[in-house]
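Chemist: fold the following.
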Amino acid sequence: MASTLHVNGGRRPSNVKHPSAPSLMMNSHFAPVGESPSREQYEHGIQVIDEDKQFNENLSTYLSIEKIIPAGFNYHLISVFGSQSTGKSTLLNYLFGTQFGVMSEQERRQTTKGIWMSKNKREGADKEAKGMAENILVMDVEGTDGRERGEDQDFERKSALFALATSEVLIVNIWEHQVGLYQGANMGLLKTVFEVNLQLFIKDSKTIPKSLLFFVIRDHIGTTPLSNLRNTLLQDLSRIWSTLSKPPGLENSRIEDYFDFAFVALPHKVLQPERFEQEVEKLATRFREGYNDPKKSGLLDEESLPVFLPQYHRRIPADGFAVYAEGVWDQIVNNKDLDLPTQQELLAQFRCDEISREVLVAFDETITPLEDKQAEGVRVGKAAVLPELGGAMNQARAAVLRDFETNASRYHKGVYTRKRAELESKVDTRLKTLFQKQLGAAHKSGVDTFSDSVGAAVKLGQKKGATYDFAQIVESEKTKALEKFEEEAKAVLVEGAPWSSYDQELNLYQKDLEEVSSRLRKEEMRCLATRVERWVRSRLGESVGLEFNRLGSGRGGSGAPEHGEKPSTEKDLWDRIWNVFTETVESAEQRFTDRARSFDASPEEVEVGLWRLRRKSWGVLSAKIEEEVMEGNILLKLRENFEDKFRYDEHGVPRIWRPTDDIEGIYTKARESTIALIPLLSRFKLSSTSAPPPLDAWIGSPPQSVSRADEEDLAPIGGVDEDDGRSLEEEMTVLGEVKQQDLLMRFKKTADGVYVEAKRSAIGGMTQVPLYFYGLLLALGWNEIMTVLRNPVYFIFLILIAIGAYVTYTLNLWSPMARMANAASQQALEVGKERLREFLESSDTGRQAMAMSGRSGRRERDYDEISMETLNGDGKKKRRDDEDDLDDI
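Modeler: Numbering: from 1, shown residues only. Prediction:
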């Protein structure tokens, strides 16, 4: 493998454009089997199969480097075989500019070992090569009848079979003097080729591609015309064909059914080097693509006819050639029956898979962005309906099946049909996912839109203030939602797809709309219940508060009761509260029932709503009672009740306490009467039955249709809920024993304070004057007394003063008179100050004094001018008009 290979035995003529291979090391620019070569080693080609029958796994890499892989079917393969040392490599080097190693004329030994491959190097390299076909691959096959292998002809047969199974054109390189010989003209090898060819295609000669046997007759001197040489070779070939044992059905087949033949003669390379190169250049122009003209049938050896005809092409895609060639060689080297139709079927599978991948690229370009949009919508939790999806799906499916059919229908029909079904299944699977996600998005969007539309319509009805028919709103929006869903579903139907039906999704959508309708109805029922509960809370807050306020007011001045019986406003307090409560709830129930009918609510839902309303209403009443009996509130009510009995007489007139009044008796009666209210307030019970109201019967047992969710927000009620652990008596307890005792002690302290205040006011009017003071007054004022008594005018004036004082005292007018006197004095003081200010302002000295006083007192005046503003209910400054209105009321 490392031996030096020489070219032509010397230098090449100066006018030769494409020399044979130069002296090189085999492993320097060629890639042999068993190595992982670098790019430089692929410069001159690759060893496909070595002399030990090992296939080179790097063949696909070489084809990729030579840019054959993307060519598809646009490539051609030529093989050359013949006897060893007949110049096969030299011929290829001159024809295609390759660098195959050639024999050294001094050594005369084997140079080509195994099978080598190289790409046509003349392609685009010079002007003469412009007529040659693109992507020509040339295989240099090890020569036959060599002394190195001796009688071992196994490799010869296997390499010939490999070349026949893969190549379009087989160049048979022979010398002129070998024509007519059996071994020299490779007739034995050709017989093997013919026999193998029949084994490869035993089904039908019309279904197999033909091969071209291109005989290149070397060292043609010209004595024997080429036509005679051609006839001799054809006769020999026909005779060999007739001696073959043909399979059944092919007994009458002719050699022309399987092969075409072409012949060309080249001058002697050594004796006529220039003419040899000219003929080679002329021969090279025939390696171009063409078609078979019936008018010129049988004239394939003419110089004008191209070599590469469509019927010669094996229709193996370039990117699958390496796999195909390796599979063929594996069958050959293992001495297995090589069935090329089976290989063609495998090729069809490979090619159909390739075409499937290719057409799916365009399919992906259309579908993948749509899948990404759907995935993004799912990721952000907002699945969107893609309006362009239906058209894109139909176009993409039609395009991918059309392109696949165009490119793959020429392959094995069974394989094509199966692969088309697989492709269609793969495409439909992805489209079905898009279809289902689109319907899912339409489903979710439709449900959300339906819910929002119903909510908007309800709000609009509430804003208008008029009653609205909730059931009609739901039915109308449901119809719109179904119509829109069907419209969107029809838009994404894919023609020809087996799953183009949305009945199941439509049924599921209808079911969800029903569930959403039920949920919206329940929510609206809850809102209705909330509004009714708010109304109940407002009504009960006013009514119950009014009843508790009557404990300390509205007595009409009746004073303390003379006997033990309480006033009606006290003894039937709970009866009035219960009556107000039941009447309010009955009115609320009527409101709830009337409104629920417009929701198309079932009787069970109405029953549950009323049951919840009664329980909620009782909770509102309990909360209000607890608020009223809070320590500060109830103590204030008791004090007002006590003061109403203690401070006012039986006619409702405020008492003016005098030392002679029975303050202790009145205090005791009023206090005991008020204290008697504490036990009354501690229990909610009716005066008519002396028992708690029938709360359990009034609320009723839970309806059968009530759910756990309906009971979650309900507070337990003693005597009604068994699991609460409290009795009805405990539920009706308003004030416990401890709270009663605490309230009693606080009230007594408050009452005692009122009593002490009354006692002080009675005693405070009495002044203790010493007795000696009267004696002293009489001694010192005796003269004045006698003067008054002796003067009638003074005496009468004194009598009038005494009468006025008695009347004033009797009518208790001393306090009003004192206030009037105080007000008069204040007014007189203000008038005096005003007159003094006017006097000072009229003189210069006074003005100077006022100016000095103003500077010193400016800060005090600034603070005096700050006053509090009156605000209205909205927290804004009240206008003067509002204040005037309040004054008018």
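Chemist: what does the pLDDT read for the nearest residue to Ala185 once chain neighbours are set aside?
Modeler: Excluding the flanking residues, the one nearest Ala185 by Cβ to Cβ, 6 or more residues apart in numbering is Gln178, at 5.0 Å. All C-beta spots, glycine's among them, are computed from the backbone N, C-alpha and C. Reported pLDDT at Gln178 in the predicted model: 83.
Chemist: was I right about Gln178 contacting Val172?
Modeler: No. Counting by Cβ atoms under 8 Å, Gln178 does not reach Val172; the two are 10.5 Å apart.
Chemist: and Val385, that one's in a strand?
Modeler: No. Per DSSP: H, G, I helix; E, B strand; the rest coil, Val385 lies outside any strand segment and is coil.
Chemist: report pLDDT for it.
Modeler: Looking at Val385, its pLDDT reads 83.
Chemist: ditto for Val400
Modeler: Val400 is assigned a predicted lDDT (pLDDT) of 91.
Chemist: just Met850 next, same as before
Modeler: 61.
Chemist: then the one 4 residues further on?
Modeler: For Gly854, the model assigns a pLDDT of 54.
Chemist: equivalent analysis for the one 4 residues further on, please.
Modeler: According to the predicted model, the pLDDT of Arg858 comes to 46.
Chemist: hang on, the earlier thing: what number of residues lie near the residue nearest to Ala185?
Modeler: Neighbour count of Gln178, defined by other Cβ atoms under 10 Å: 20.
Chemist: likewise the one 10 residues further on?
Modeler: The burial count assigned to Gly188 is 16, neighbours taken as other Cβ under 10 Å.
Chemist: quick check on Glu289: phi, psi?
Modeler: phi -90, psi 150 (degrees, to the nearest 10).
Chemist: from Asn74, how far out is it?
Modeler: Here Glu289 is placed at a distance of 9 Å from Asn74 (Cβ to Cβ, to the nearest Å).
Chemist: same thing with Ser425?
Modeler: For Ser425, the distance to Asn74 equals 31 Å [Cβ to Cβ].
Chemist: for these two, indicate the residue with more neighbours.
Modeler: Higher neighbour count among Ser425 and Asn74: Asn74, with 13 against 10, using other Cβ under 10 Å.
Chemist: that one contacts Ile68, correct?
Modeler: No. In this structure, Asn74 is not within contact of Ile68 by Cβ under 8 Å, at 9.2 Å.
Chemist: what do those two both touch?
Modeler: Any residue near both Asn74 and Ile68 by Cβ atoms under 8 Å, 6 or more residues apart in numbering counts here, and that gives Asn135, Ala318.
Chemist: just the pLDDT for the residue of the chain most remote from its centre.
Modeler: Distance from the centre of the chain peaks at Arg790, with 118.2 Å (Cα atoms, centre = their mean). Arg790 carries a pLDDT value of 82.
Chemist: now Ile473
Modeler: At Ile473, pLDDT is 84.
Chemist: ok, Ala362 next?
Modeler: Note on Ala362: pLDDT of 91.
Chemist: that one contacts Leu401, correct?
Modeler: No. Applying Cβ under 8 Å, one finds Ala362 not in contact with Leu401, separated by 11.8 Å.
Chemist: what about these two, which has more around it?
Modeler: Leu401 (17 against 13).
Chemist: secondary structure element holding the more buried one?
Modeler: Following DSSP states H and E, one finds Leu401 within helix 389-408.
Chemist: same question for that helix: list its buried residues.
Modeler: 389-390, 392-394, 396-397, 400-401, 403-404, 407-408 (16 or more other Cβ atoms under 10 Å).
Chemist: name the next helix or strand downstream of that helix, please.
Modeler: For helix 389-408, the following helix or strand on the C-terminal side (DSSP H and E) is helix 413-464.
Chemist: hang on, Ala529 in a helix?
Modeler: Yes. Judged by three-state DSSP, Ala529 forms part of a helix.
Chemist: burial of it, as a residue count?
Modeler: Applying other Cβ under 10 Å, we find 20 residues neighbouring Ala529.
Chemist: what sits against it?
Modeler: The neighbourhood of Ala529, defined by Cβ under 8 Å, 6+ apart, consists of Phe592, Gly609, Arg612, Leu613, Lys616.
Chemist: which non-adjacent residue is nearest the first one?
Modeler: Meaning Phe592. Among residues not flanking Phe592 along the chain, Val532 sits closest, at 5.1 Å (Cβ to Cβ, 6+ apart).
Chemist: counting neighbours, what do you get for Glu486?
Modeler: Glu486 has 14 neighbours, counted by other Cβ under 10 Å.
Chemist: which element is it on?
Modeler: Per DSSP H and E, Glu486 falls inside helix 470-491.
Chemist: could you do Gly180 as well?
Modeler: In the assignment (DSSP H and E), Gly180 maps to no helix and no strand.
Chemist: can you check Val328 too?
Modeler: In the assignment (DSSP H and E), Val328 maps to helix 318-333.
Chemist: got the contact list for that helix?
Modeler: 48-49, 53, 55, 57, 59-60, 63, 68-75, 135, 158, 161-162, 165-166, 316, 337-338, 340, 343, 346-347, 350-351, 354.
Chemist: now do stretch 794-807
Modeler: When contacts are defined by Cβ under 8 Å, 6+ apart, stretch 794-807 is touched by residues Thr787, Val788, Leu789, Leu813.
Chemist: next step: those restricted to helices.
Modeler: Under the assignment DSSP state H, the contacts of stretch 794-807 contribute Thr787, Val788, Leu789 to helices.
Chemist: relative to Pro248, which of those is nearest.
Modeler: Checking the ones in helices among the contacts of stretch 794-807 against Pro248 with Cβ to Cβ, the nearest one is Val788 at 179.0 Å.
Chemist: need the nearest residue in space to the closest one, chain neighbours excluded.
Modeler: Closest residue to Val788 apart from its sequence neighbours, by Cβ to Cβ, 6+ apart: Tyr794 at 4.3 Å.
Chemist: before we move on, back to that, for Glu731, state which of the buried residues of helix 389-408 is nearest.
Modeler: Minimum separation from Glu731 among the buried residues of helix 389-408 (Cβ to Cβ) is found for Leu389, which lies at 62.7 Å.
Chemist: give me every residue that touches the closest one.
Modeler: Counted by Cβ under 8 Å, 6+ apart, Leu389 has contacts Leu370, Leu434, Gln438, Ala491, Val492.
Chemist: with distance to Ile799 and neighbour count as new columns, can the ones in helices among the contacts of stretch 794-807 be given to me in CSV?
Modeler: Shown next, in CSV, are these (distance: Cβ to Cβ, whole Å; neighbours: other Cβ atoms under 10 Å):
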residue, distance to Ile799, neighbour count
Thr787, 15, 12
Val788, 10, 13
Leu789, 11, 11
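Chemist: one step back: so what's the residue nearest to Phe592 up against?
Modeler: By Cβ under 8 Å, 6+ apart, the contact list for Val532 reads Ala588, Arg591, Phe592, Leu613.
Chemist: that one in helix, strand or coil?
Modeler: Val532 falls in the helix class when you classify it by three-state DSSP.
Chemist: for the stretch 1-150 of the chain, give me the ranges with low pLDDT.
Modeler: Residue ranges of the stretch 1-150 of the chain with pLDDT under 70: 1-39, 102-112, 124-130, 145-150.
Chemist: which residue ranges form the strands in it?
Modeler: With DSSP state E, counting those that start in this stretch, the ranges of strands along the stretch 1-150 of the chain come out as 46-49, 76-82, 115-119, 136-141.
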